[in-house]
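Student: Got a predicted structure plus its sequence, pasted below:
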Amino acid sequence: AKLSGKNRFSGFVPEMTLAAQRRVRIERDLRKAMERNELEVFYQPQFDCRSETIVGFEALARWPHAEQGYIAPSDFIPVAEECGLIGELGLWVLRRACADTAAWSKATGKALGLAVNVSARQLRERAFVDQVGQILRDTGLPAAQLELELTESFLMGDVEAALAFMRALREMGVKLSIDDFGTGYSSLSYLQSFPIDRLKIDRSFVQLLPEDGFTMTSAIISLAHGFDLSVVAEGVEAPSQLSWLQGAGCDYVQGYLMARPMPASAVRDLLLAQTAS
Ligand code: C2E
Ligand code: CA
Ligand code: CA
Ligand code: CA
């Protein structure tokens, strides 16, 4: 290496190195955690907007790290995507979440919904659709209870491939939703051509309610209903946001106001309490 060049980047190289080191460490630890089956799935309840009863859950990956406590998905999901671990991680979350939801549905006698995040990367793997089918058969969760959350970036890639993929899942009976709706740059015309069931209004809009953000939020609600799609508002934190959404005809809500993401054991307790009352 040209040692003479080192000084030219002083103050820059160390920072790059730290970020790179951190990434390498996360990748190494994540592989180990997955081998040891140390990842967890947390569940955030989704509520019917009017009746305020639980209709289902969104599954969210959690990584309890020995030294660092819980590592946020925003730190390890992108790493998993870059190093090729996301396929395995995503299937693991899906299997765990389908098994848990099947058990809760059986215990409560209710067809609880389950929403699982799917990274655009996962959809490049041809086997994905078959793997979803296999997991549904293995866990006994009816396909109609499963919803896969896709991002706008997925729809912007290879349109033909995306369409084929979505149709195959739809034929299986699985529902599809667009996550973080309104934050991407894709054309609205895809609502016309893609087989979608639901839009999720991004937290960044909901957070501004009721004083602000209502133009965007009500536009998304009427857009969704115009296309015969249901709509979920996420990141509801204030009672004033909930009542605005109720007035605006939003279908479902999810947020810290109602419930935070929680481990499976807490979900069981919550459902039992709800059934008992
Ligand atoms: P997301 O899919 O948009 O998930 C919603 C995020 O908002 C979650 O963060 C949730 O904990 C948080 N949240 C929910 N309600 C509120 C609220 O009222 N206020 C605030 N401030 N936040 C709220 P989390 O669990 O940290 O996940 C972050 C992102 O990581 C997710 O965003 C999703 O994109 C990704 N992710 C999580 N699990 C998975 C997974 O299994 N697979 C994939 N591909 N991505 C995942
Ligand atoms: Ca999501
Ligand atoms: Ca989201
Ligand atoms: Ca998000």
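Tutor: The structure has been received and is ready for your questions. Ligands and ions are numbered 1, 2, ... in the order given.
Student: got the residue ranges for the helices in the stretch 1-150 of the chain?
Tutor: 13-35, 73-82, 86-108, 128-139 (DSSP state H, counting those that start in this stretch).
Student: residues in the stretch 1-150 of the chain within reach of ligand 2, list them.
Tutor: For the stretch 1-150 of the chain, the contact set with ligand 2 under C-beta under 5 Å from the ion comprises Asn117, Glu149. Any C-beta I mention is one placed from the backbone N, CA and C, and that applies to glycine too.
Student: what bits of the stretch 1-150 of the chain have low per-residue confidence?
Tutor: For the stretch 1-150 of the chain, the stretches with pLDDT under 70 are 1-16.
Student: Residues of it that sit close to ligand 1?
Tutor: Gln44, Leu60, Ala61, Ala72, Pro73, Ser74, Ile77, Gly90, Val93, Asn117, Val118, Ser119 (C-beta under 6 Å from any ligand atom).
Student: how many neighbours does Leu163 have?
Tutor: As a burial measure, Leu163 scores 15 neighbours (other C-beta atoms under 10 Å).
Student: Ignoring the adjacent residues along the chain, who's closest to it?
Tutor: With sequence-adjacent residues excluded and distances taken as C-beta to C-beta, 6 or more residues apart in numbering, Leu163 is closest to Phe194, at 6.6 Å.
Student: Help me confirm that the one you found comes into contact with Phe165.
Tutor: No: look at Phe194 against Phe165 with C-beta atoms under 8 Å: they stay out of range, at 10.3 Å.
Student: Okay, and the beta partners of the residue nearest the centre of the chain?
Tutor: Per C-alpha atoms, centre = their mean, the C-alpha nearest to the average position across the chain is that of Asn117, at 3.2 Å. Asn117 has these beta-bridge partners by DSSP bridges: Glu149.
Student: so who does it touch?
Tutor: Glu58, Ala59, Leu60, Ala61, Gly90, Val93, Glu149, Asp179 (C-beta atoms under 8 Å, 6 or more residues apart in numbering).
Student: State the helix or strand in which the last one lies.
Tutor: Okay, so that is Asp179. For Asp179, the element it lies in under DSSP states H and E is strand 175-181.
Student: Next, give phi and psi for Gly84.
Tutor: phi 80, psi 10 (degrees, to the nearest 10).
Student: Next, find the distance separating the residue nearest to Ser230 when sequence neighbours are not counted from Val55.
Tutor: Distances taken as C-beta to C-beta, 6+ apart place Asp251 nearest to Ser230, at 4.4 Å, with adjacent residues excluded. Asp251 sits 9 Å away from Val55, going by C-beta to C-beta, to the nearest Å.
Student: Find residues that contact each of those two.
Tutor: Joint contacts of Asp251 and Val55 (C-beta under 8 Å, 6+ apart) are Asp48.
Student: Just confirm yes or no for the lengthiest strand in the chain near ligand 3.
Tutor: Longest strand of the chain, by residue count under DSSP state E: strand 54-65. No: counting by C-beta under 5 Å from the ion, ligand 3 is not contacted by strand 54-65; separation bottoms out at 8.3 Å.
Student: What is that strand packed up against?
Tutor: In terms of contacts (3 or more C-beta pairs under 8 Å, 6 or more residues apart in numbering; DSSP states H and E), strand 54-65 is packed against helix 13-35, strand 40-48, strand 69-71, helix 73-82, helix 86-108, strand 113-117, helix 264-276.
Student: Please identify the most buried of those.
Tutor: Most buried of those, by mean neighbour count (mean count of other C-beta atoms under 10 Å): strand 113-117, with a mean of 23.
Student: Alpha carbons only: can I get it in PDB?
Tutor: Provided in PDB are the C-alpha atoms of strand 113-117 (Å, rounded to 0.1, in the frame of the first residue of the first chain):
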ATOM      1  CA  GLY A 113     -54.300 -11.400  10.900                       C
ATOM      2  CA  LEU A 114     -50.500 -11.600  10.600                       C
ATOM      3  CA  ALA A 115     -48.500  -9.000   8.700                       C
ATOM      4  CA  VAL A 116     -44.900  -9.800   7.800                       C
ATOM      5  CA  ASN A 117     -42.300  -7.500   6.300                       C
END
